[in-house]
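Show me how the following folds:
(2 chains)
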Amino acid sequence: MSMHSSPPSVVASALAADRLGVGSVAQFVLTAATPMLVVAGVVTTGWAVTGITAIPIAFAFLAIVLALFSIGYMAMARRIVNAGALYTYITHGLGRPLGVAAALIAVWSYNLMQVAAYGIFGFLAADMTDHKFTWWQYALVAWALVAVFGMLRIDLNSRVLAVLLTGEIFIVVVFAAVSLIHPAGGHVAFTALNPTDLIGPGLGAALAIAFTGFVGFEQAPIYSEESRSPRRTVPTATYGAVALMGVVYCGASWAMSVTIGPDTIVQAAAVNGPDLLFVAVTPYLSSTVVTIGHWLFLSSVFAGLVAYHNATARYTYALGRERVLPAWCARTSLRTGAPIGASILQTMIGLAVIATYAAAGWDPLVNLFFWLGVVGGLGILLLLTVASIAIVGYFLRNPGDGYWRCTIAPLAASILLTAVFGYTLANYATLLGVPPTSPWRWIFPTIHTAIAALGVLWALSLRATRPDIYERIGRGATATPDTTAPATRTVPAGAPR
Amino acid sequence: MGDTLRLADDLFLVALDEQTGRHIVHTRTLGVALAGALLSELVLPSCINVVGDRLKRAAVPPPDALTHDIAETIDAEPHHQLATWIAFLATDATDRIADRLVRTRHITKVASRARLRTPTMTYAAASTMGTAWRAVRLTTLLQAGHIDQLQDAVLVAICHAIGLTGHLWRDTRQPNREHLDWILRKLAETRPDLHHLVTCVSATAGAQAFTPR
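Numbers count the residues shown, from 1 in each chain, chains lettered A, B, ... in the order given. This is a model prediction of the structure:
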């Protein structure tokens, strides 16, 4: 045993000072998850549209499934330090064609979730101001602000998001506590937590709604390279965020059902919509507190708009650097370092959607927020399901890091997620709140399938025509756009097919 | 003022807006690029060698105090990868190169502090020719197809890696992209070690746009 300890690393010390800790990574993850939007917006709209009361217990079930998924996910993150996360892991586990398919699904799904939030933002703002302006006018204001934030770069607004996140979680907890203290009929009902209520025609719909609330947790590995200790920081932040989300979502939504009454919660949600959370506590709290809650709700939605705009831009940017998407998608601003090409693309998509819904007169809450939100969530669920299978495949070829982490946990997660995905597809009409024979029950899944197929075909065409680009797929933002002439390259061992 | 500056000094001035005294490149991206330039100052005279993804100290003494300090650090911790060195040097590259330029009397540093805001640093050139001229010189050489000095080729490659060539060409009607492509190809063929270093700069700078803070 050496009597002398090695001197501290100058390099490690200097880099550690600039790195993210568990709290910062968890904050980024939770901001993307938008807790208050989930509790006040997703849950209430879910109750109203689907008529299923068991959404609270669905949160608890999914928290366990996602924690199980995270075990293999984190093991993969330790092996492949790449900000591309999901589609990168799918590439390394299942090959480049499926990787490109996953990347396009990711861009499509995050775009859907982002533009969906314009619907509820406009709805809320109009409601809070007694409809001085239309929902789409408020949505356009939010759109313009998001565009500016995107161009100015993310690090300008992460501190603002941290303050808002703390406030919204606090107010959700306060509302939940007040609701539990004032149960309907004088006794606390556990109906909404009854697991047997999940078993039935609405199982898939409940799970899909609940899953939408967790979207954002999968972005934690993006921060691996920026974290103090990737092996500890990212996993701790991920498990902590999933646990916190599970507890807050399950507890807060159950508390709402307690104070409103489980037998009347669906009807109350249909009548009050996202305002249900506030209607439930208004008799017991001062109007000031409720008003603060309303503004925090609106800010939560805005934070979600910014977070998903950035997530979409990052994916698009990474694909642009790999030249899977056109090179202009990888353009960055010299002054701000922001991925402006990708940011502008996402901004234009948002504008097109708002304009379309405004012109068509479609409902911003159900048809824009809820529909596109759950469809986007379905895409992310599909990605997680495929990623869980990819993780199994990767570690079968590259063993190590423990049998539980690399085989058992990801295998169990892939089985459970596949089941969740399957039930969701089976209950898609219920999820959207349309008749069982409605064509919408297959239109959206077909779009997902078509995008995935397009991704596979595009990857295969790249393999045939641009093998240099094909080889770089899966490297994410660290891929270097090569301006030299394509040359024969040696493919490293362990590289994706 | 002489034609030859150290590579990192040249890059510092090329990226400087002489009107505002601030760099036109984002702070973090500039740091990465200057870190690459500093390492290039050591690789070019073979003071250090790029061996795979590591750096190895060689027998040739570094050209100045700053690069000597960097070489000593590399020698003390040779296990780090190239990307780690770039990230490490990027943390204070801008300040250290600014200090070096101040010592050689190319610039002066001006600290300004607006009310309720954190202090910012701007840089005033000793003469306007010393700052604006560096960018003009590089653009002229690039347009004329006259870049034949390896140091200038590396400078162009790093500028391209961080997206600065677009800015250099902003007043040029027909940018000589063929010459740029030729430089990049030649660098890859004749000096794969420097090409790898520039690639690493590009990857690190690219990852910054991807990873939020």
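
All the strands of chain B, residue numbers only.
B:48-51, B:54-57, B:107-112, B:120-125 (DSSP state E).

Redo the ones you listed as TSV? Include mean pLDDT, mean neighbour count and distance to residue A:468.
No exception for glycine: its C-beta is placed from N, CA and C like everyone else's. Formatted as TSV, those follow (pLDDT from 0 to 100; neighbours: other CB atoms under 10 Å in any protein chain shown; distance: least, CB to CB, whole Å):
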stretch	mean pLDDT	mean neighbour count	distance to residue A:468
strand B:48-51	95	18	22
strand B:54-57	94	18	26
strand B:107-112	85	14	41
strand B:120-125	84	16	40
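
how about JSON lines for the ones you listed, with distance to residue A:51 added?
Converted to JSON lines, these look like this (distance: least, CB to CB, whole Å):
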{"stretch": "strand B:48-51", "distance to residue A:51": "65"}
{"stretch": "strand B:54-57", "distance to residue A:51": "62"}
{"stretch": "strand B:107-112", "distance to residue A:51": "62"}
{"stretch": "strand B:120-125", "distance to residue A:51": "58"}
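
any chance of these in JSON lines, with distance to chain A too?
Below are the strands of chain B laid out as JSON lines (distance: least, CB to the nearest CB, whole Å):
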{"stretch": "strand B:48-51", "distance to chain A": "15"}
{"stretch": "strand B:54-57", "distance to chain A": "11"}
{"stretch": "strand B:107-112", "distance to chain A": "18"}
{"stretch": "strand B:120-125", "distance to chain A": "14"}
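
Of all those, which one is nearest residue A:50?
strand B:120-125 (53.8 Å; CB to CB).

Can you tell me the strand partners of that closest one and which way each runs?
Applying DSSP bridges to the sheet, strand B:120-125 is found paired with strand B:107-112 (antiparallel).

Residues contacting the strand it pairs with, please?
Strand B:107-112 is contacted from outside by B:13, B:21, B:98, B:101-102, B:119-126, B:130-131, using CB atoms under 8 Å, 6 or more residues apart in numbering or on different chains.

ditto for stretch A:390-399
With CB under 8 Å, 6+ apart as the test, stretch A:390-399 has contacts from A:72-73, A:75-76, A:79, A:89-90, A:92-94, A:98, A:401, A:406-407, A:410-411, A:414, A:494.

filter those residues by proximity to chain B?
For chain B, no contacts are drawn from the contacts of stretch A:390-399 by CB under 8 Å from any CB of the partner chain.

Now the buried members of the residues you listed.
A:72-73, A:75-76, A:79, A:89-90, A:92-94, A:98, A:401, A:406-407, A:410-411, A:414 (16 or more other CB atoms under 10 Å in any protein chain shown).

Out of those, name the ones that lie in helices.
A:72-73, A:75-76, A:79, A:89-90, A:92-94, A:98, A:410-411, A:414 (DSSP state H).

And residue A:279, which helix or strand is it part of?
helix A:276-281 (DSSP states H and E).

Buried residues in the next helix-or-strand element following that helix, which are they?
As assigned by DSSP H and E, the chain's next helix or strand after helix A:276-281 is helix A:287-321. Within helix A:287-321, the residues that qualify as buried are A:289-290, A:293-294, A:296-321, counting by 16+ other CB under 10 Å.
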